[in-house]
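Enquirer: sequence and computational prediction follow.
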Amino acid sequence: MLETRGDRGKGHRMFDQLTQSLQTTFKNLRGQGKLSEENIKDALRDVRMALLEADVHYQVVKDFVKNVREKVMGEDVLNSVSPGQQFVKHVHDEMERLLGERQAKFDRSTHPNGIVMLGLHGVGKTTTTGKLARRFKQEDKKVLVVGCDIRRPAAVDQLRVLADQAGVEMLGPVPGETVQALGLRAREQAKQTGVDVVIYDTGGRLQIDDDLVQEVAELTAVTGAKNKVLVIDAAMGQESVSVAETFHERCGLTGLILTKLDGDARGGAALSVRAVTGCPILMVGTGEKQEDLQPFHPDRMADRILGMGDVVSLVEKAQEAVDEDEMRRMEKRMFSGQLNLEDFLKQIRQMKKLGSMSQIMDMMPGMPGMGPDQKAKAADMGQRQSKKFEAIILSMTPRERQRPRLINSKRRIRIAKGSGTRVKDVNDLLKQFSQAQKMTKKMKKMKGKMPKMPKGLKGGMPRF
């Protein structure tokens, strides 16, 4: 009653096994007082095996290990005070280079800015089109999505629903209209109505054929679209690499979007695809919700794979999800001693906006180094507790939420039954709330001594 099927198994994330293997290698190496050719050879062998087991393309692995070996065999590393850390740094730098070194962006040199979305059947191309439209809308851009899959009316209907959810305009084909004619009509409408970004959702294919190549060529010619973006399923393994390579050769891609990075595949294809195709990764899909599409930052991804977390992305997600005015009101109530369970409920719901517990843990330093089973267990426990606490508070009367001291034994039994939980769970919630109240009293005393919070972080979430 308190959990959905979609919550199960979410702790097992792509790259978990690779991260754990690399963390073990680094830990062993840091225990060495000095680096030698022998222990470097052993460490590089472990790195190579970890990458191959993660399904990274064999040639990519070969080049990766070769480049790291050349760097770590230098005198500056061998004679370093902290040789193990130097080794990790060079692995990190090579991982970042492999992923693209710096963030790649869409070509915005034309107005309206045209983006042609490509992909095989089943990779999430239309869903990703909706997510991308939402992101541009958040940037205050006027967006038009165009359903260019003239063979499948269901795909056009799906895009129309997604466009409504994203709050953007949608244009579909009329009977008998070609993709080329639709593209031309969309471009003219965009110019007349002041649209900033036009996203063309082309028809998916089971394989790349001459008809597809011709269709893409004609569509880009009449629309002037500078962006030809391939959506690929990161969980497909090496097949996704060959698909991207073929699309790039036939259609001349400008960028890639990887979907299902929240899956439990080994993840090596995601590391290989940029190196093999030479095409930059623009965005990554990390979940099913419309907000689960993020810009791809090679340096941050390298940090996460090597177990260093991704605090910058976590802070960015918090800034997007948290209502600053509400947090200022919460801070005021906290320091005035008026905090109640209504406030606690708001805090739980603010945290849910950041994503699943496992997604948050992935971005916390140290957390990615946990084993997949440990992370799954910890994330599942946190998710379950959050759901229980929300259900318990919703089972209380407004008066009980505002005055928790009224909740006696009889009320606790009633609340537990109403929320489908145990009395022990109700007691745990009230105990945590009591501890939070004590903490706020201490913070109130210290408030005058505390330094001012940086702009943008004021009103940060108190931890209950």
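Expert: Right, received. Where do you want to start? Numbers count the residues shown, from 1 in each chain.

Enquirer: please parse this protein into its domains.
Expert: As assigned by automatic domain parsing, the chain contains the domains 16-99, 113-296, 315-449.

Enquirer: I'd like those as TSV, with distance to Ile305 and mean pLDDT appended.
Expert: All C-beta spots, glycine's among them, are computed from the backbone N, C-alpha and C. Below are the domains of the chain laid out as TSV (distance: least, C-beta to C-beta, whole Å; pLDDT from 0 to 100):
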stretch	distance to Ile305	mean pLDDT
domain 16-99	6	78
domain 113-296	8	88
domain 315-449	8	73
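
Enquirer: out of these, which is the most enclosed?
Expert: Per-stretch averages of neighbours, counted by mean count of other C-beta atoms under 10 Å, single out domain 113-296 among the domains of the chain, with a mean of 20.

Enquirer: first to last residue in that one, what's the distance?
Expert: End-to-end distance of domain 113-296 (C-alpha to C-alpha, to the nearest Å): 20 Å.

Enquirer: and what of stretch 162-182?
Expert: Termini of stretch 162-182 sit 19 Å apart (C-alpha to C-alpha).

Enquirer: so what touches that stretch?
Expert: Contact with stretch 162-182 is made by 126-127, 129-131, 133-134, 136-137, 142-148, 150, 156, 159-160, 185-186, 189, 193, 195, 202-203, 215, 218-219, 222, 290, as judged by C-beta atoms under 8 Å, 6 or more residues apart in numbering.

Enquirer: what do you get if the cut-off is 7 Å, keeping everything else the same?
Expert: Stretch 162-182 has contacts (C-beta atoms under 7 Å, 6 or more residues apart in numbering) with 126-127, 130, 133-134, 137, 143-148, 150, 156, 159-160, 186, 189, 215, 218-219, 222, 290.

Enquirer: in the stretch 1-150 of the chain, which spans are strands?
Expert: Taking DSSP state E, counting those that start in this stretch to define them, one finds strands in the stretch 1-150 of the chain at 113-118, 143-148.

Enquirer: and the first one, how far from the chain's centre?
Expert: Computed by C-alpha atoms, centre = their mean, to the nearest Å, the separation of strand 113-118 from the middle of its chain amounts to 22 Å.

Enquirer: mind listing what it pairs with, with the direction of each?
Expert: Under the criterion DSSP bridges, strand 113-118 sits next to strand 197-202 (parallel), strand 227-233 (parallel) in its sheet.

Enquirer: got the angle for that strand vs strand 143-148?
Expert: 40 degrees (axes from the mean of the first three to the mean of the last three C-alpha atoms, to 10 degrees).

Enquirer: before we move on, back to that, CSV please, covering the strands of the stretch 1-150 of the chain and showing distance to Ser36.
Expert: Formatted as CSV, those follow (distance: least, C-beta to C-beta, whole Å):
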stretch, distance to Ser36
strand 113-118, 49
strand 143-148, 57
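
Enquirer: residues contacting the closest residue to Thr202 other than its chain neighbours?
Expert: Using C-beta to C-beta, 6 or more residues apart in numbering and skipping residues adjacent in sequence, the residue nearest Thr202 is Cys148, 4.8 Å away. Neighbouring residues of Cys148 by C-beta under 7 Å, 6+ apart: 179, 182-183, 200-203, 219.

Enquirer: make it 10 Å
Expert: Listed by C-beta atoms under 10 Å, 6 or more residues apart in numbering, the contact partners of Cys148 are 116-117, 155-156, 159, 171-173, 177-180, 182-183, 186, 199-203, 215-216, 219, 223.

Enquirer: which parts of the stretch 1-150 of the chain are helices?
Expert: Ranges of helices in the stretch 1-150 of the chain, per DSSP state H, counting those that start in this stretch, are 16-30, 37-53, 58-72, 75-78, 83-99, 125-138.

Enquirer: what's the fifth one packed up against?
Expert: When you say that, I think you mean helix 83-99. Applying 3 or more C-beta pairs under 10 Å, 6 or more residues apart in numbering; DSSP states H and E, one finds that helix 83-99 contacts helix 16-30, helix 37-53, helix 58-72, helix 75-78, helix 268-277, helix 298-305.

Enquirer: let's see the last one as CSV, backbone CA atoms only.
Expert: What follows is helix 298-305, C-alpha atoms only, in CSV (Å, rounded to 0.1, in the frame of the first residue of the first chain):
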residue,chain,number,x,y,z
PRO,A,298,31.8,14.8,-18.6
ASP,A,299,33.6,16.0,-15.5
ARG,A,300,30.7,15.3,-13.1
MET,A,301,30.0,11.9,-14.7
ALA,A,302,33.7,11.0,-14.2
ASP,A,303,33.4,12.0,-10.6
ARG,A,304,30.4,9.8,-10.1
ILE,A,305,31.9,6.8,-11.8
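
Enquirer: how far off centre is that helix?
Expert: Centroid separation for helix 298-305 versus its chain: 12 Å, with C-alpha atoms, centre = their mean.

Enquirer: cool, and the third one?
Expert: Counting by C-alpha atoms, centre = their mean, helix 58-72 is centred 28 Å from the centre of its parent chain.

Enquirer: about what we covered before: redo the helices and strands packed on helix 83-99 as JSON lines? Include distance to Gly167.
Expert: Converted to JSON lines, these look like this (distance: least, C-beta to C-beta, whole Å):
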{"stretch": "helix 16-30", "distance to Gly167": "35"}
{"stretch": "helix 37-53", "distance to Gly167": "42"}
{"stretch": "helix 58-72", "distance to Gly167": "40"}
{"stretch": "helix 75-78", "distance to Gly167": "53"}
{"stretch": "helix 268-277", "distance to Gly167": "30"}
{"stretch": "helix 298-305", "distance to Gly167": "28"}
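
Enquirer: among the ones you listed, which is nearest Glu390?
Expert: helix 16-30 (27.4 Å; C-beta to C-beta).

Enquirer: Leu293 versus the closest residue to Val213 other than its chain neighbours, what's the distance?
Expert: Distances taken as C-beta to C-beta, 6+ apart put Arg250 closest to Val213, at 4.9 Å, once the chain neighbours are dropped. Separation of Arg250 from Leu293 (C-beta to C-beta, to the nearest Å): 26 Å.

Enquirer: which residues does Ser109 contact?
Expert: Taking C-beta under 10 Å, 6+ apart, one finds Lys226 in contact with Ser109.

Enquirer: need the pLDDT of it.
Expert: Note on Ser109: pLDDT of 89.

Enquirer: roughly how far does it sit from Cys279?
Expert: According to C-beta to C-beta, Ser109 and Cys279 sit 18 Å apart.
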